[in-house]
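Undergrad: pasting the structure only:
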């Protein structure tokens with residue numbers, strides 16, 4: 001599928017005016033990174049959709065439409081998430097993360113958070129204080145892959161057995177995912193339109209939009225970062241009890257960053273004050289986590305009528321895995337991508353996609369859905385709920401088709417697309433945003449800062 005056709009499908013699913021598609025310029029073609037999947041098309045089309053949807057909201061607010069241009073190489077490299085701090089490129093994976101051979105196949109373990117790593121090691125009968133990677137490999141060799149996957153899920157850990165496409169498609173969860181649309185935008189309550197001020201032609205399309213970003217890891221933070229690039233005032237809210245990964249230095253560009261303990265009366269009061277003036281609430285925690293804190297979509301719509309809620313999950317809202325935690329690398333493994341890539345490359349060992357494209361594309365779908373729902377809110381009133389899932393993004397990536405001779409591609413240099421800035425983490429180099437807006441260029445007005453740098457207040 002061409003990037004133009006992929007973009008048209010996203011645009012129609014979002015319910016946006018088709019005449020706006022005449023203002024998009026897409027350059028380049030797959031393969032741009034070594035893969036048998038159209039990862040460049042996925043990156044380019046989701047980024048273009050997010051940017052163009054933001055511009056459509058700007059057009060509704062009284063300014064002319066503007067052209068949006070996205071180059072595929074730039075988009076794909078942006079979706080690799082490359083960055084450095086003070087000249088150091090961080091290691092993305094914990095030594096215990098990755099593939100393990102089992103007695104009948106493979107399992108992928110996600111161990112970037114200590115509690116997940118230690119839990120997996122204890123499940124293997126090992127002491128987290130003394131275990132080595134070799135110890136874990138020897139212990140895993142005695143397990144059947146599905147047994148370890150099930151045991152890990154029972155302990156709220158994150159590990160998946162390796163499957164091929166046919167195996168995944170035969171599972172109840174694979175069938176549930178196949179029956180769902182890529183994303184949903186649903187009206188969840190009645191409310192008047194929350195007025196957004198008219199724009200001048202020099203203002204970016206989302207200026208005046210206030211976004212609460214309660215996400216971690218990659219997909220959710222990427223969505224909030226995109227909205228910030230188009231002018232939204234994005235407040236990243238983290239818990240003081242939970243760890244983050246080093247990618248927060250990149251994904252926090254353009255955002256305020258506050259800490260709130262939502263289990264305390266003071267934290268809840270601060271969140272109530274933020275909600276009173278927010279237009280969008282994005283959350284990417286485990287299924288049911290926000291509901292337990294009184295911050296589920298229905299509760300938010302009751303407290304802040306007219307809010308746009310965005311929920312991110314790993315495996316969607318239907319099927320036996322709907323409540324499971326998950327990350328991009330695990331979803332790739334479970335759904336069949338690692339097997340398919342290995343077969344296409346002629347490898348005997350399972351092979352991952354060249355970037356966390358399920359995370360990255362899902363992040364731009366979050367931005368697309370938020371902007372599209374905000375446009376409906378301005379036109380129709382109501383409160384809205386956008387739902388995005390990594391596995392549904394994976395199903396869509398499959399639908400884009402395979403790339404012949406994709407592994408012949410040589411990764412292009414990211415140097416032409418790097419921007420450098422001071423940040424609260426050190427001197428930051430990262431890929432500038434790949435969507436070029438014709439009249440109001442995308443940019444990050446706020447420097448990336450650690451959690452807790454800003455007070456939990458819009459003023």
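TA: Happy to help now that I have it. Because the structure is predicted, anything quoted here is derived from the model rather than measured.
Undergrad: how about the helices in the stretch 51-200 of the chain?
TA: 72-78, 114-123, 133-140, 145-154, 165-170, 172-178 (DSSP state H, counting those that start in this stretch).
Undergrad: redo those helices as a markdown table? Include mean neighbour count.
TA: Bear in mind the C-beta positions are built from the backbone N, C-alpha and C, glycine included. Formatted as a markdown table, the helices of the stretch 51-200 of the chain follow (neighbours: other Cβ atoms under 10 Å):
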| stretch | mean neighbour count |
| --- | --- |
| helix 72-78 | 27 |
| helix 114-123 | 19 |
| helix 133-140 | 16 |
| helix 145-154 | 18 |
| helix 165-170 | 15 |
| helix 172-178 | 18 |
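Undergrad: got a markdown table for those helices, with mean pLDDT and distance to residue 389 too?
TA: Putting the helices of the stretch 51-200 of the chain into a markdown table (pLDDT from 0 to 100; distance: least, Cβ to Cβ, whole Å) gives the following:
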| stretch | mean pLDDT | distance to residue 389 |
| --- | --- | --- |
| helix 72-78 | 98 | 22 |
| helix 114-123 | 94 | 20 |
| helix 133-140 | 97 | 28 |
| helix 145-154 | 96 | 17 |
| helix 165-170 | 98 | 15 |
| helix 172-178 | 98 | 8 |
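Undergrad: residue 385: which of those helices is closest?
TA: For these, the distance to residue 385 is smallest for helix 172-178, at 18.8 Å, taking Cβ to Cβ.
Undergrad: output the contacting helices and strands for that closest one.
TA: Applying 3 or more Cβ pairs under 8 Å, 6 or more residues apart in numbering; DSSP states H and E, one finds that helix 172-178 contacts helix 165-170, helix 390-399.
Undergrad: so can I have TSV of the ones you listed showing distance to residue 339?
TA: Output for these, formatted as TSV (distance: least, Cβ to Cβ, whole Å):
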stretch	distance to residue 339
helix 165-170	7
helix 390-399	12
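Undergrad: which one of these lies closest to residue 96?
TA: Between the helices and strands packed on helix 172-178, helix 390-399 lies closest to residue 96; by Cβ to Cβ that is 21.6 Å.
Undergrad: now that closest one: mean pLDDT?
TA: Helix 390-399 shows a mean pLDDT of 98.
Undergrad: to residue 263, which of the helices of the stretch 51-200 of the chain lies closest?
TA: helix 114-123 (17.4 Å).
Undergrad: which strands and helices sit next to that closest one?
TA: Using 3+ Cβ pairs under 8 Å, 6+ apart, helix 114-123 sits against helix 145-154.
Undergrad: relative to helix 114-123, how tilted is the helix it packs on?
TA: Counting by axes from the mean of the first three to the mean of the last three Cα atoms, to 10 degrees, helix 145-154 lies at 130 degrees to helix 114-123.
Undergrad: compute the inter-axis angle for helix 145-154 and helix 133-140.
TA: Going by the same axes, to 10 degrees, helix 145-154 makes 110 degrees with helix 133-140.
Undergrad: how far away from the center of its chain is the worst-scoring helix or strand of the chain on mean pLDDT?
TA: Lowest on mean pLDDT, DSSP states H and E among the helices and strands of the chain sits helix 289-292, with a mean of 89. Mean C-alpha position of helix 289-292 versus that of the full chain (Cα atoms, centre = their mean, to the nearest Å) differs by 19 Å.
Undergrad: what's the helix or strand following it in contact with?
TA: Following helix 289-292 in sequence order, the next helix or strand is helix 297-303 (DSSP states H and E). Contact partners of helix 297-303, identified using Cβ atoms under 8 Å, 6 or more residues apart in numbering, comprise 188, 189, 191, 272, 275, 281, 291, 307, 309, 311, 383, 385.
Undergrad: min pLDDT across those, which one?
TA: Lowest confidence among those: residue 291, with 89.
Undergrad: number of residues surrounding it?
TA: 15 (other Cβ atoms under 10 Å).
Undergrad: now the one 5 residues further on
TA: One way to gauge burial is a neighbour count; for residue 296, by other Cβ under 10 Å, it gives 18.
Undergrad: now the closest residue to residue 451 other than its chain neighbours: phi and psi?
TA: Nearest in space to residue 451, with sequence neighbours left out and distances taken as Cβ to Cβ, 6 or more residues apart in numbering, is residue 238 at 4.1 Å. Main-chain torsions, residue 238, degrees, to the nearest 10: phi -110, psi 160.
Undergrad: so what's residue 238 bridging to?
TA: residue 259 (DSSP bridges).
Undergrad: and the pLDDT at it?
TA: Residue 238 is given a pLDDT of 95.
Undergrad: quick one: residues contacting it.
TA: 216, 244, 257, 258, 259, 260, 451, 452.
Undergrad: from memory residue 185 sits against residue 14, does it?
TA: Yes. With contact defined as Cβ atoms under 8 Å, residue 185 counts as touching residue 14 (6.7 Å).
Undergrad: which one's more surrounded, these two?
TA: Set residue 185 next to residue 14 and count neighbours by other Cβ under 10 Å: residue 14 wins out with 23 against 20.
Undergrad: how about low-confidence regions in this protein?
TA: Along the chain, no part satisfies pLDDT under 70.
Undergrad: centre-most residue in it?
TA: residue 219 (1.4 Å; Cα atoms, centre = their mean).
Undergrad: so that one is in contact with residue 362, correct?
TA: Yes. With contacts counted by Cβ under 8 Å, residue 219 reaches residue 362, the gap being 4.1 Å.
Undergrad: overlap in contacts, those two.
TA: Counting by Cβ under 8 Å, 6+ apart, the shared contacts of residue 219 and residue 362 are 312, 388, 390.
Undergrad: most neighbours among those residues, which one is it?
TA: Scoring the shared contacts of residue 219 and residue 362 on neighbours with other Cβ under 10 Å, the highest-scoring entry is residue 388 at 29 neighbours.
Undergrad: in which helix or strand would I find it?
TA: Assigning secondary structure by DSSP H and E places residue 388 in strand 383-389.
Undergrad: contacts for that strand, please.
TA: Against strand 383-389 from outside (Cβ under 8 Å, 6+ apart): 177, 180, 183-191, 219, 297, 300-301, 304-317, 362, 365-366, 369-370, 372-373, 376-377.
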